[in-house]
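Engineer: missing the sequence, but the structure's below:
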Ligand code: TEU
Ligand code: CA
């Protein structure tokens, strides 16, 4: 069995500061806003806050383009505010995990400004600068945010690599000076009391030497040359030696395209470099061959086989992170549940999944309220660079019908997750007394924290109950996972077992009754309800029963 450690038992809550709470009426969430809500988070019961970037940034990608790693963006407050925040958290027994964005910097970072000056700049090699191939870019890679991954720079007539926006040049991790600067900066934050890092696209830091093109097309996705590249393990091991091993830290690496085998190596109990990774396979169940924006209906069968693969793949070595949404993904209840008729039931069912699989649950702000996707009428109501670039490319270059493009944005756009946190039923959901930087979801009058706190049956209190249960029952953290009813069309069923105890988890992913075909092994055994999203348990559960729409039921069987 797995060694007992804090971060396995913890529940993490992600804050996207821009959209959490605005304390001064400028429409932008800030550190004082978070400070004022720490008691709310304490009531929920979470142990760790992962704070999305609050560093100095020109905000081309809302803070994921950092121009000074050691400064707080003035929109969010000051370093003194940050100190009040971390002290306030520690006083309440919570830990702070900061976002670490070191695959790239902002083009307004001092290193890049110096790098851009001349081919002889001592900073030139901090980034990937290459001459063009005639009038073509150095290779044919596309950026995650549409268009070429290369930007031409007049000054030296060369191109620099940016896997994300052109204001996010990629750092050259092959340069030891770059690595030292990053380690130094990490130690600086750790010495201030930070408890860990969430590492942004950390599996993109090593590129295939020579940066080869992919195929013969003018532009192509170059992922095979920078996702889990040749020196990734080496760099992460060095980072561990130079920084992580010297502190008590919790780490999670964001890794698009990571496989179970790679995750086993990276998070392995003995020789791994990070505690957890964010894998992306389950975030692709509703994408067709055309990628993210090619929205395709998903099936429980696919979602379950991915989660099952990760559960069993990391069972004896490594550790899973469990998430169904974050600041880059649509809202979980809209995507995997039902955000209208069964919003409350399906949000609780999905919460049950997150807290009863093996791994560390990550809650994204507003998830505990069952916040939903948003549908803005006009493209100019959206603010996300990925969405805006994609819209332009698809309508202007590919000639797609704007109405169809809007539909894919409704399903997948990142701003679904970024609308302001809904605190109460007042204007803008109580997020700001001014004008929010991104419009609120109009459903704030029904869906908000004040309502949730006053309703004992709310999604909020269900999360609170799950979190409390986890603290009291190590079986939820350490219990062995086993899948049942593997072919069932609607029900995801599994058991957890630990020290002679056994729990059954039954989750109906359908918005209708689903027949429950009790495994013969369970017949005749006694069962006790642990938690569920409907009040009662039909007593003949194990005879001939069915689960109700989006029903979640956790039972102890003896
Ligand atoms: O995201 C990395 C990533 O590849 C995707 O999640 C991507 O942002 C997009 O949603 C794919 O469709 C991380 C951050 O979480 C994201 O907010 C940043 O924009 C990105 O890195 C660049 O720093
Ligand atoms: Ca503010």
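Structural biologist: Yep, that arrived. Remember, it's a predicted structure, so these values are computed and weren't measured experimentally. Numbers count the residues shown, from 1 in each chain. Ligands and ions are numbered 1, 2, ... in the order given.

Engineer: ok, so what distance separates the closest residue to residue 387 other than its chain neighbours from residue 419?
Structural biologist: Excluding the flanking residues, the one nearest residue 387 by C-beta to C-beta, 6 or more residues apart in numbering is residue 413, at 4.6 Å. In this view, the C-beta of every residue, glycine as well, is placed from N, C-alpha and C. For residue 413, the distance to residue 419 equals 11 Å [C-beta to C-beta, to the nearest Å].

Engineer: again with residue 489
Structural biologist: For residue 489, the distance to residue 419 - C-beta to C-beta - is 33 Å.

Engineer: residues touching the least confident helix or strand in the chain by mean pLDDT, excluding its own?
Structural biologist: The helix or strand of the chain with the poorest confidence is strand 545-547; it has a mean of 90 (mean pLDDT, DSSP states H and E). Contact with strand 545-547 is made by 490, 491, 506, 508, 513, 514, 515, 516, 518, 538, 553, as judged by C-beta atoms under 8 Å, 6 or more residues apart in numbering.

Engineer: residues contacting residue 239?
Structural biologist: For residue 239, the contacting residues are 179, 182, 183, 186, 273, by C-beta under 8 Å, 6+ apart.

Engineer: looking at it now. What's its pLDDT?
Structural biologist: Note on residue 239: pLDDT of 98.

Engineer: with the one 4 residues further on instead?
Structural biologist: pLDDT for residue 243: 98.

Engineer: okay, now it: neighbour count?
Structural biologist: 20 (other C-beta atoms under 10 Å).

Engineer: state the distance from it to ligand 1.
Structural biologist: Separation of residue 243 from ligand 1 (C-beta to the nearest ligand atom, to the nearest Å) stands at 20 Å.

Engineer: who touches that residue in this structure?
Structural biologist: 183, 186, 187, 190.

Engineer: mark which of the residues you listed are buried, thanks.
Structural biologist: Among the contacts of residue 243, those scoring as buried are 183, 186, 190 (criterion: 16 or more other C-beta atoms under 10 Å).

Engineer: what helix or strand is the last one on?
Structural biologist: When elements are defined using DSSP states H and E, residue 190 is found to belong to helix 176-191.

Engineer: identify the residues contacting that helix?
Structural biologist: 69-70, 98, 100, 102, 111, 125-126, 171-173, 197, 235, 238-239, 242-243, 246-247, 249.

Engineer: show me the helices in the stretch 451-558 of the chain, by range?
Structural biologist: Remark: helices assigned in the stretch 451-558 of the chain by DSSP state H, counting those that start in this stretch are 459-472, 475-478.

Engineer: looking at those helices, which is buried most?
Structural biologist: helix 475-478 (a mean of 20; mean count of other C-beta atoms under 10 Å).

Engineer: now tell me what touches it from outside.
Structural biologist: Residues outside helix 475-478 that contact it (C-beta under 8 Å, 6+ apart) are 1-2, 4, 8-9, 355-356, 358, 469-470, 496-499, 501, 503.

Engineer: follow-up on the earlier one: which two of the contacts of strand 545-547 have the greatest separation?
Structural biologist: 490 and 538 (16.8 Å; C-beta to C-beta).

Engineer: who has more neighbours out of the two?
Structural biologist: residue 490 (21 against 15).

Engineer: isn't the more buried one right up against residue 509?
Structural biologist: Yes. Assessed by C-beta atoms under 8 Å, residue 490 is found in contact with residue 509 at 5.6 Å.

Engineer: so what sits against both of those two?
Structural biologist: The contact lists of residue 490 and residue 509 share residue 300, where a contact means C-beta under 8 Å, 6+ apart.

Engineer: what mean pLDDT does stretch 422-440 have?
Structural biologist: 98.

Engineer: same check, this time on stretch 187-198
Structural biologist: 98.

Engineer: cool, and stretch 103-112?
Structural biologist: Average pLDDT, stretch 103-112: 98.

Engineer: mind listing residues that contact that stretch?
Structural biologist: With C-beta under 8 Å, 6+ apart, stretch 103-112 has contacts from 57-58, 60, 65-68, 116, 123, 126-127, 162-164, 166-171, 181, 200-202, 204-205.

Engineer: would you mind listing the buried residues in that stretch?
Structural biologist: For stretch 103-112, by 16+ other C-beta under 10 Å, it's 103, 104, 105, 106, 107, 108, 109, 111, 112.

Engineer: and that stretch, how far from the chain's centre?
Structural biologist: 23 Å (C-alpha atoms, centre = their mean, to the nearest Å).

Engineer: first-to-last residue distance for that stretch?
Structural biologist: 13 Å (C-alpha to C-alpha, to the nearest Å).

Engineer: hang on, the earlier thing: what's the closest of the contacts of strand 545-547 to residue 345?
Structural biologist: residue 508 (9.2 Å).

Engineer: which parts of the protein sit against ligand 2?
Structural biologist: When proximity is defined by C-beta under 5 Å from the ion, the chain lies next to ligand 2 at 22, 24, 26, 28, 30.

Engineer: try it again at 6 Å.
Structural biologist: Within the chain, the positions near ligand 2 by C-beta under 6 Å from the ion are 22, 23, 24, 26, 28, 30.

Engineer: chain neighbours aside, what residue packs nearest to the closest residue to ligand 2 within the stretch 51-200 of the chain?
Structural biologist: Here the stretch 51-200 of the chain gets closest to ligand 2 at one residue, residue 75, 6.5 Å apart by C-beta to the ion. Excluding the flanking residues, the one nearest residue 75 by C-beta to C-beta, 6+ apart is residue 28, at 5.0 Å.

Engineer: what's that neighbour in contact with, if anything?
Structural biologist: Applying C-beta under 8 Å, 6+ apart, the residues near residue 28 are 18, 22, 75, 76, 432, 437.

Engineer: domains of the protein?
Structural biologist: For the chain, automatic domain parsing gives the domain ranges 6-105+176-381+416-466, 110-161, 382-415, 479-557.

Engineer: out of these, deepest packed?
Structural biologist: domain 6-105+176-381+416-466 (a mean of 19).

Engineer: pull up the residues of the protein that are close to ligand 1.
Structural biologist: 61, 64, 101, 144, 164, 200-201, 254, 256, 292, 327-328, 386, 414 (C-beta under 6 Å from any ligand atom).

Engineer: kindly recompute the last result at 5 Å.
Structural biologist: By C-beta under 5 Å from any ligand atom, the residues of the chain that approach ligand 1 are 61, 64, 164, 200, 201, 256, 292, 328.

Engineer: thinking the third one is in contact with residue 145, fair?
Structural biologist: Yes. Under the contact definition of C-beta under 8 Å, residue 164 touches residue 145, with a separation of 5.5 Å.

Engineer: between these two, which contacts overlap?
Structural biologist: residue 61.

Engineer: any idea of the pLDDT on the most centrally placed residue in the chain?
Structural biologist: Nearest to the geometric centre of the chain sits residue 326, at 3.9 Å (C-alpha atoms, centre = their mean). pLDDT for residue 326: 98.
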